[in-house]
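Engineer: Only the shape, not the letters, is given here:
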Ligand code: GLN
């Protein structure tokens, strides 16, 4: 077995025993990036020298008997919305093409403090707006399982990088499903933590009341390992909660006795691809066989999640993206002679179509006369959506559903139909609107051989339970061991 085939747990054991070194693992990942990424396009930037230098430093520390952090020199890829010094942070936008942040994000600091090796920055939909990676201003990322298909979005680059075994770990951000949906499309594990669990300091803001940073890996234990590193208080993010971080990695293998899984019957009706339906039903049978009970629950307001999200997120985006004015930093149009034309030209040229669409939608929903009818109404319904979850979680430990209505769609299939694209987020948006944690785990393959994800949701700050429930399924199945086979493997 080569180093790039190994799980996080195996790699950590090999590093600890001295069977391999961080330099060897990093070199193996860089070689894999060389052989795969021309086709996949997961990376926007690879920091070859920086990664090798850092790997040598971690190896040196180990040789000198100094304490080593929990990531012990493992290579990690970072979505290009998370600030990293010494590398660009473009948000896959022309607007930030030349931006080099002068500081590290809280998540970046934690990775480095845990002795991770950051190998590069991954592709995404511009400013994390999208579900397919086709909104990147630079290039599209392709699904390693089928290069004609989307890896999902917006963290498609981070999911594809792990799926194609270019890195054992990566981080993404999830505002409406951007970790879970690409994880499902690429056949890896991805977790969106509770709102407030991971610092967003240095995460370029899209929709601030929804954004969270979270981990990807090929298995649940890998995700537990990285979440333990990322989670924790940071006073620089005022929404970050000062609560103890459980030892996710230590408890992940403990099954939950009498696990109660809530299921919404309507989730299996209209619009659900038959292969996804079958895989999720099989997954529920696996849980039953493991002693869990399946309980029908109601989330009466879940039919409004798409409408509410696509008012709240663009409204917040229109405010957050106002800072890109061509003056402070970022792209500035050359030709304009005066201030207002300069603003318009810089924003007109610097932003892509989807970002402009969202800014316009949000500005409209917040404008006087429409604020009460759209934005305020959406906030009220958002509260009801959260209450639905609170009520449901009185009776169940986790809620299970598909992650997306279909397996990975073809590149180009939905791009001209924004409404259809937005509807594909139907199962993931609720967790962001309610602020609760969610995970996507590999749960089957379609008839075409494409991965299918199972979503589990839990109460706020119950990532530990979520991971244990996910691991119960994983340990009873082998879907997580299936890998994308690229033509030139
Ligand atoms: N697909 C959703 C959107 O387009 C979610 C994106 C995300 O989570 N960043 O907004």
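Structural biologist: Perfect, I can see it now. This is a predicted model, so every value here is computed, not measured. Residues are numbered from 1 along each chain as shown.
Engineer: Flag every buried residue along the lowest-mean-pLDDT helix or strand in the chain.
Structural biologist: The helix or strand of the chain with the poorest confidence is helix 418-423; it has a mean of 89 (mean pLDDT, DSSP states H and E). Of the residues in helix 418-423, those scored as buried under the neighbour-count criterion (16 or more other C-beta atoms under 10 Å) are 418, 421, 422. The way it works is simple: take the backbone N, C-alpha and C, and place the C-beta from them, glycine included.
Engineer: Save those as a markdown table, and put in distance to residue 68 too.
Structural biologist: Converted to a markdown table, those look like this (distance: C-beta to C-beta, whole Å):
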| residue | distance to residue 68 |
| --- | --- |
| 418 | 47 |
| 421 | 43 |
| 422 | 45 |
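Engineer: right, and out of the residues you listed, which lies closest to residue 184?
Structural biologist: Of all the buried residues of helix 418-423, the one with the least separation from residue 184 (C-beta to C-beta) is residue 421, at 15.5 Å.
Engineer: re earlier: which one of the buried residues of helix 418-423 sits closest to residue 388?
Structural biologist: Taking C-beta to C-beta as the measure, residue 422 is the one of these closest to residue 388, at 20.6 Å.
Engineer: wait, doesn't the closest one sit right on residue 310?
Structural biologist: Yes: counting by C-beta atoms under 8 Å, a contact exists between residue 422 and residue 310, whose distance comes to 5.6 Å.
Engineer: ok, the residue positioned nearest the centre of the chain - contacts?
Structural biologist: In the chain, the C-alpha closest to the average C-alpha coordinate belongs to residue 179, at a distance of 2.0 Å (C-alpha atoms, centre = their mean). Taking C-beta atoms under 8 Å, 6 or more residues apart in numbering as the definition of contact, the neighbours of residue 179 are 155, 158, 159, 172, 173, 190, 191, 192, 214, 216, 440.
Engineer: Among these, which ones are in helices?
Structural biologist: 158, 159 (DSSP state H).
Engineer: Which ones among the contacts of residue 179 lie within strands?
Structural biologist: Among these, the members falling in strands (DSSP state E) are 172, 173, 190, 191, 192, 214, 216, 440.
Engineer: tell me which parts of the stretch 101-250 of the chain are close to the ligand?
Structural biologist: 128, 129, 130, 131, 154, 174, 175, 176, 177, 178, 206 (C-beta under 6 Å from any ligand atom).
Engineer: at 8 Å what do you get?
Structural biologist: Taking C-beta under 8 Å from any ligand atom as the criterion, the stretch 101-250 of the chain approaches the ligand at residues 125, 128-131, 153-155, 173-179, 181, 206-207, 210-211.
Engineer: biggest helix in the chain, by residue count?
Structural biologist: helix 22-40.
Engineer: average pLDDT across that one?
Structural biologist: The predicted model assigns helix 22-40 a mean pLDDT of 98.
Engineer: gap between that helix and the chain center?
Structural biologist: The offset between the C-alpha centroid of helix 22-40 and the centroid of the whole chain comes to 21 Å, using C-alpha atoms, centre = their mean, to the nearest Å.
Engineer: which stretches of this structure have low pLDDT?
Structural biologist: Where the chain drops to pLDDT under 70, the residues are 486-489.
Engineer: quick one: residue 313 from the ligand, how far?
Structural biologist: 5 Å (C-beta to the nearest ligand atom, to the nearest Å).
Engineer: re earlier: can you say which of the buried residues of helix 418-423 are also within reach of the ligand?
Structural biologist: Restricting these to those near the ligand - C-beta under 8 Å from any ligand atom - leaves 421, 422.
Engineer: which one of the buried residues of helix 418-423 sits closest to residue 479?
Structural biologist: If you rank the buried residues of helix 418-423 by distance to residue 479 using C-beta to C-beta, residue 421 comes first, at 26.2 Å.
Engineer: quick one, strands of the stretch 101-250 of the chain?
Structural biologist: Along the stretch 101-250 of the chain, the stretches classed as strands by DSSP state E, counting those that start in this stretch are 117-122, 169-174, 189-192, 212-217.
Engineer: Show me what the second one is packed against.
Structural biologist: By that I understand strand 169-174. Packed against strand 169-174, as judged by 3 or more C-beta pairs under 8 Å, 6 or more residues apart in numbering; DSSP states H and E, are the following elements: strand 75-79, helix 156-163, strand 189-192, strand 212-217, helix 220-230.
Engineer: Now do the same contact list for residue 438.
Structural biologist: Applying C-beta under 8 Å, 6+ apart as the definition, the contact partners of residue 438 turn out to be 180, 191, 192, 428, 431, 455, 456, 457, 458, 466.
Engineer: OK, contacts around residue 223?
Structural biologist: Contacts of residue 223 by C-beta under 8 Å, 6+ apart are 189, 190, 191, 215, 216, 217, 439, 467.
Engineer: Out of the helices and strands packed on strand 169-174, which one sits most buried?
Structural biologist: Of all the helices and strands packed on strand 169-174, helix 156-163 carries the top mean neighbour count, a mean of 35, counting by mean count of other C-beta atoms under 10 Å.
Engineer: could you say what helices and strands that one packs with?
Structural biologist: The helices and strands touching helix 156-163, judged by 3+ C-beta pairs under 8 Å, 6+ apart, are strand 43-46, strand 75-79, strand 117-122, strand 169-174, helix 180-186, strand 212-217.
Engineer: before we move on, the earlier item: which one of the contacts of residue 179 sits closest to the ligand?
Structural biologist: The nearest member of those to the ligand, counting by C-beta to the nearest ligand atom, is residue 173 at 6.1 Å.
Engineer: Please tell me how far the residue of the chain most remote from its centre sits from residue 148.
Structural biologist: With C-alpha atoms, centre = their mean as the measure, the chain has its most outlying C-alpha, relative to the mean C-alpha position, at residue 337: 41.1 Å. Using C-beta to C-beta, to the nearest Å, we find residue 337 at a distance of 46 Å from residue 148.
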